[in-house]
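J.: based on what follows, work out the 3D shape:
(one chain, ligands or ions: 1)
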Amino acid sequence: MRQFLIAGNWKMNLGPAESKAFFTDMSALTNDVGTKAEVLVCAPFVSLSTALEAAASVKGFQVGAQNLHFENNGAYTGETSASMLKELGCQYVIVGHSERREYFGETDEIVGKKVAKALQEGLTPILCVGEVLAERKSGEQNKVVETQLKGALDGLSADQIAKTVIAYEPVWAIGTGEVASPDQAQEMHKFIRAVLAELADENVAASVRVLYGGSMKPDNAEELLGQPDVDGGLIGGASMKADSLFKIVEIANKLT
Ligand code: PEP
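T.: Below is the predicted model:
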């Protein structure tokens with residue numbers, strides 16, 4: 001039985017003061033998110049300490065990061081290592097988000113190095129994959145996602161792959177208000193498991209959590225999370241307000 005993971009991605013939003021206010025709002029809604037779904041927000045680096053401290057007021061609520069560097073330390077101005085994130089108290093880190101691929105030149109090779117480093121340091125990578133609109137329109141989405149998965153996971157052991165979370169994020173659905181249909185999501189998530197079975201084995205493919213990301217909101221979460229191979233959401237816009245994120249958490253709890 002895979003446990004839902006409801007993960008917010010605040011992107012370059014919510015500095016320390018706003019992060020604190022988010023948790024003030026969240027703790028007015030609940031002081032315990034329970035154990036049915038895992039609940040997480042991935043905050044900007046500068047907000048991590050404040051968010052981690054503030055999240056302690058809501059039992060079960062976790063805070064992760066949005067990126068890491070693949071080296072341990074050294075002359076990499078502006079970068080943050082896996083061990084630094086671990087030291088702060090993060091368990092999860094987003095890797096290879098489409099915005100990093102598009103605006104910061106992250107290739108599958110770089111993404112793969114980051115996934116490997118996160119795993120080595122005991123962090124759980126949330127590896128993002130997904131096609132752009134033109135690739136979906138030309139029917140290449142499976143090929144694109146397969147290449148991204150293989151590029152990032154090749155060379156890892158089955159045990160390491162088992163510790164990874166995958167987020168299927170069709171780029172055309174991120175921040176656009178357009179959402180993949182439940183059938184499109186289910187079809188791709190099932191395909192992702194087939195690729196994972198090839199890279200590791202059937203047991204690993206059945207145990208890895210595959211999240212959907214792309215304009216998930218309280219009003220479409222139930223049908224997406226209700227698909228058999230959808231194990232949670234990576235949520236941008238709707239994770240920035242405590243009440244909308246909490247509504248999605250409640251949906252996941254109801255479906256558990
Ligand atoms: C994201 O940032 O990964 C994302 C899915 O954003 P949104 O929910 O706003 O589409």
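
J.: interface residues of the stretch 51-200 of the chain facing the ligand?
T.: Contact residues, the stretch 51-200 of the chain versus the ligand (C-beta under 6 Å from any ligand atom): 169, 174, 175. The way it works is simple: take the backbone N, C-alpha and C, and place the C-beta from them, glycine included.

J.: only the buried subset of those residues, as a PyMOL command please.
T.: To isolate the buried members of those in PyMOL, using 16 or more other C-beta atoms under 10 Å:
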select buried, resi 169+174
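
J.: can you redo the residues of the stretch 51-200 of the chain next to the ligand as JSON lines with secondary structure and pLDDT?
T.: Below are those laid out as JSON lines (DSSP: H, G, I helix; E, B strand; the rest coil; pLDDT from 0 to 100):
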{"residue": "169", "secondary structure": "coil", "pLDDT": "98"}
{"residue": "174", "secondary structure": "coil", "pLDDT": "93"}
{"residue": "175", "secondary structure": "coil", "pLDDT": "89"}
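
J.: take the residues of the stretch 51-200 of the chain next to the ligand and lay them out in CSV including distance to residue 232.
T.: What follows is these, written out as CSV (distance: C-beta to C-beta, whole Å):
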residue, distance to residue 232
169, 12
174, 16
175, 19
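
J.: which one is the residue of the stretch 151-256 of the chain found nearest the ligand nearest to, not counting chain neighbours?
T.: When scored by C-beta to the nearest ligand atom, the stretch 151-256 of the chain has residue 236 as its residue closest to the ligand, at 2.2 Å. Excluding its sequence neighbours, the residue lying closest to residue 236 (C-beta to C-beta, 6 or more residues apart in numbering) is residue 9, at 5.0 Å.

J.: now the strands for the stretch 1-150 of the chain?
T.: Secondary structure of the stretch 1-150 of the chain (DSSP state E, counting those that start in this stretch): strands located at 5-9, 38-42, 61-64, 92-95, 124-129.

J.: the longest helix in this structure is where?
T.: For the chain, the longest helix by residue count, based on DSSP state H, is helix 182-199.

J.: tell me which residues in it are buried?
T.: Neighbour-count burial for helix 182-199 flags 182, 184-189, 191-193, 195-196, 199 (criterion: 16+ other C-beta under 10 Å).

J.: that one to strand 124-129, inter-axis angle?
T.: 120 degrees (axes from the mean of the first three to the mean of the last three C-alpha atoms, to 10 degrees).

J.: which outside residues touch helix 182-199?
T.: For helix 182-199, contacts defined as C-beta atoms under 8 Å, 6 or more residues apart in numbering pick out 129, 141-142, 145-146, 149-150, 153-154, 156, 161, 166, 168, 170, 180, 204-206, 208, 210, 212, 223-224, 226-230.

J.: how distant is that helix from the center of its chain?
T.: 16 Å (C-alpha atoms, centre = their mean, to the nearest Å).
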